[in-house]
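# Here is my input; please provide its structure:
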Amino acid sequence: MTTEQAIREAKNRWARRRRRLIGYGQWQPFTDAAPAREHVLAIQATGMGLAGIAKHTSVGIGTLEYLLYRKDQYGPAAAIRTESAQALLAYWPALDDYEDGANIDATGTRRRLQALAKVGWSSKAIHQRIDCSSVQTLERLRYRTKVTAKLARAIRDVYNDLSAKAAEEHGVHSSIASRSRTYATRYGWAGPEAWDPDTIDDPDAKPDWTGHCGTDRGWWLHRLEGIPVCQPCETAHGQWKAERAHLTHSERWRELAQARSEARSREADLAHDARELLRHGIDVQQAAERLGVTRNHLQQVMLRHPADEAVAA
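Have a look, this model is predicted:
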C-alpha cells in the first residue's frame, strides 16, 4: 500500500466512524478542554515535558500547546477534540516513561531506600550495586523530595532484587546490617512488608505495617509484634472501644481478650495456609495472590510464625 492509499484509507475509516456515531446520536467531535488541561498540568508537575506527553499519548505538540497556552479575548481554549481529551485523560506516566534527567517526585525512591535499611541494607552496600555518584547521595535521598528518573529506576530495580530477603543472605556483614536496622527503627521507617508494590510511589499511600492497618485487628497485631502503633490503627481501636462503651467492665474485658486471641490466631492461620500452598508447588508470589496479601507481608508473617508454631496454633 502506498502512502497516498494509506492516507485515503485512514480518511475513509474516520468518515465511516463519524457516520456511525451520528446515526447512534453519539457524535461529539469536541469536548470541554478544562479537565484535559488540568490533567496535563498535573503530569507536567511530575517532571514530564510536552514532548514526553505527546510521545506517550499520540496527541500532537500543537494540540498540547493550543490546550495550555491559547489565550485571546475569549480566554483559554474552551474545547478540544474528544479523541485527544480521552487520550490525555487516560494517561498517567509510569517511571519508565521519563527521560533519564527528568526531576521527578522522590516519594517511592525515599520509601524504597528506607525499607531496604529496615532489612539491613546500608547505603554503602546499596551503592556497590547501582550507578550512583556517591554513598552520601543515597543517604540524602532518604529525605529528599526530588530525584532523577535514571536514579529512581536504578533504586527501584535494586529494591526489587534485594527487598525479599535479609541483607545477610546477600553477603552483608551482620554487624553492618544490624546498625542499619537500628537506624531505620529509630526513625520509624517502614520495611518492605509494609508497602504494596502498586502504591509505594503514591504520596497519599500509608504503610500497612501489619497487613490489617486501619482495623482493630491491625492495632492488636502492632501490640503483639512490638511494632509502634500507626495512626489508622489507633483510630480504628478507639472506634472499636467507643462502640462497646455501653458494656460492663467484665464484658468489655472479655471482648478485648477475644479480639487479641483472634488477631494472633489469624496470622498463624495465614502462615499455615501459605505453607500448605507451597507444599503443593505454588511459589510465594502465587500464594500471596491467592490469600489476598502482598508477597512481602506473607513472608514476614511466615517469619513471625515458624512452622512448628503454626502447627501448634
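
# Could you point out the helix or strand that follows the one helix or strand Leu278 maps to?
In this structure, Leu278 is located in helix 249-279 according to DSSP states H and E. Beyond helix 249-279 on the C-terminal side, the first helix or strand identified by DSSP H and E is helix 284-291.

# just to revisit the earlier point, name the residues of the helix holding Leu278 that come out as buried.
Within helix 249-279, the residues that qualify as buried by neighbour count (16 or more other C-beta atoms under 10 Å) are 259-260, 263-264, 266-272, 274-275, 277. For glycine as for every other residue, the C-beta is placed from the backbone atoms N, C-alpha and C.

# quick one, phi psi at the residue nearest the centre of the chain?
Nearest residue to the geometric centre of the chain (C-alpha atoms, centre = their mean): Thr199, 1.5 Å. Per-residue torsions, Thr199: phi -120, psi 0 (degrees, to the nearest 10).

# list the contacts for it?
Residues in contact with Thr199, defined by C-beta atoms under 8 Å, 6 or more residues apart in numbering, are Ala205.

# Just the pLDDT at it, thanks.
pLDDT for Thr199: 84.

# cool, Arg18 as well?
Per-residue pLDDT puts Arg18 at 69.

# rewinding a little: would you mind measuring from the residue nearest to the centre of the chain to Val284?
Between Thr199 and Val284 the computed distance is 20 Å (C-beta to C-beta, to the nearest Å).

# same thing with Glu276?
Taking C-beta to C-beta as the criterion, Glu276 is separated from Val284 by 13 Å.

# what's the answer for Glu169, then?
Note on Glu169: its distance to Val284, by C-beta to C-beta, is 15 Å.

# Give me the more crowded residue out of these two.
Neighbours per residue, other C-beta atoms under 10 Å: of Glu169 and Val284, the larger number sits with Val284, 16 against 12.

# The more buried one: what's it in contact with?
Ala274, Leu278, Arg295, Leu298, Gln299.

# out of these, who's nearest Ile80?
The shortest gap between Ile80 and any of the contacts of Val284 belongs to Arg295, at 42.4 Å (C-beta to C-beta).

# Count the residues that sit near that closest one.
Applying the criterion other C-beta under 10 Å, we find 20 residues in the vicinity of Arg295.

# Surely it is in contact with Val301?
No: in this structure, Arg295 is not within contact of Val301 by C-beta atoms under 8 Å, at 10.8 Å.

# what's the closest non-adjacent residue to Thr235?
Taking C-beta to C-beta, 6 or more residues apart in numbering, and ignoring the residues beside it in sequence, Thr235 has Gly214 as its nearest neighbour in space, at 7.8 Å.

# and that neighbour, what is it in contact with?
With contacts defined as C-beta under 8 Å, 6+ apart, Gly214 is in contact with Asp208, Pro232, Cys233, Thr235, Ala236.

# Among those, which lie within helices?
With DSSP state H as the criterion, helices contain Pro232, Cys233, Thr235, Ala236 from among the contacts of Gly214.

# Would you reformat the residues you listed as a markdown table and include pLDDT and neighbour count?
Shown next, in a markdown table, are those (pLDDT from 0 to 100; neighbours: other C-beta atoms under 10 Å):
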| residue | pLDDT | neighbour count |
| --- | --- | --- |
| Pro232 | 85 | 17 |
| Cys233 | 84 | 26 |
| Thr235 | 88 | 12 |
| Ala236 | 86 | 19 |
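
# Just flag the most distant two among the residues you listed.
The largest separation in the ones in helices among the contacts of Gly214, counting by C-beta to C-beta, is between Cys233 and Thr235 at 7.2 Å.

# Could I get the pLDDT score of Ala125?
Confidence score, pLDDT, at Ala125: 90.

# thought it was touching Ile176?
Yes: using C-beta under 8 Å, Ala125 makes contact with Ile176 at a distance of 7.0 Å.

# Between these two, which contacts overlap?
Common contact partners of Ala125 and Ile176 (C-beta under 8 Å, 6+ apart): Ala167.

# Who has more neighbours out of these two?
Under the neighbour definition other C-beta under 10 Å, Ala125 and Ile176 were set side by side, and Ala125 has more, 22 against 16.

# which residues of the stretch 101-250 of the chain fall in strands?
103-105, 146-148 (DSSP state E, counting those that start in this stretch).
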